[in-house]
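In: Generate a structure from the sequence data that follows.
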Amino acid sequence: MEDYIANAHKLSSLQKKELVKDKKCGCFFCLEIYSPALITEWIDEGQTAICPHCGIDSVIGESSGYPITREFLEKMNQVWF
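Out: Predicted coordinates for the structure are as follows:
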């Protein structure tokens with residue numbers, strides 16, 4: 001596994017503070033890209049986003065510094081699912 005994929009995965013949890021400021025995020029399970037404003041469910045004491053499309057906690061936002069593109073989400077998906 002490439003280091004950047006492992007590092008990106010770390011940023012998919014406990015990310016509410018950053019994610020609520022983002023304009024775009026994506027889920028590396030269902031590969032949907034959407035506005036974080038659509039997120040209504042959080043776990044880990046309200047700090048980790050649940051994808052509103054698939055219900056999985058695999059959401060990463062643009063503030064992570066990683067590209068929120070289908071290609072990047074597919075790479076994440078191949079490693080983690």
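
In: List the buried residues for the worst-scoring helix or strand of the chain on mean pLDDT?
Out: Lowest by mean pLDDT, DSSP states H and E among the helices and strands of the chain is helix 3-10, with a mean of 89. Going by neighbour count (16 or more other C-beta atoms under 10 Å), the buried part of helix 3-10 is 5, 8, 9. Backbone N, C-alpha and C define where each C-beta goes, glycine included.

In: Toward the C-terminus, what is the element adjacent to it?
Out: Next in sequence after helix 3-10, counting helices and strands by DSSP states H and E, comes helix 16-19.

In: Just the C-alpha atoms of that next one, please, in PDB.
Out: Extracted in PDB, the C-alpha atoms of helix 16-19 (Å, rounded to 0.1, in the frame of the first residue of the first chain):
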ATOM      1  CA  LYS A  16     -15.900  16.900  11.700                       C
ATOM      2  CA  LYS A  17     -14.100  20.100  12.600                       C
ATOM      3  CA  GLU A  18     -12.400  20.200   9.200                       C
ATOM      4  CA  LEU A  19     -15.200  18.600   7.200                       C
END
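
In: Pull up the pairing partners for the next helix or strand after that helix, direction included.
Out: Later in the chain than helix 16-19, the nearest helix or strand by DSSP H and E is strand 25-27. Here strand 25-27 is paired, per DSSP bridges, with strand 33-34 (antiparallel), strand 59-61 (antiparallel).

In: So in the protein, which helix runs the longest?
Out: helix 70-80 (DSSP state H).

In: related to what we said a few turns ago, for the strands paired with strand 25-27, which one sits closest to residue 74?
Out: With C-beta to C-beta as the criterion, residue 74 lies closest to strand 33-34 of the strands paired with strand 25-27, at 11.6 Å.

In: Can you name the secondary structure element that comes next after the closest one?
Out: Following strand 33-34 toward the C-terminus (DSSP H and E): strand 42-43.
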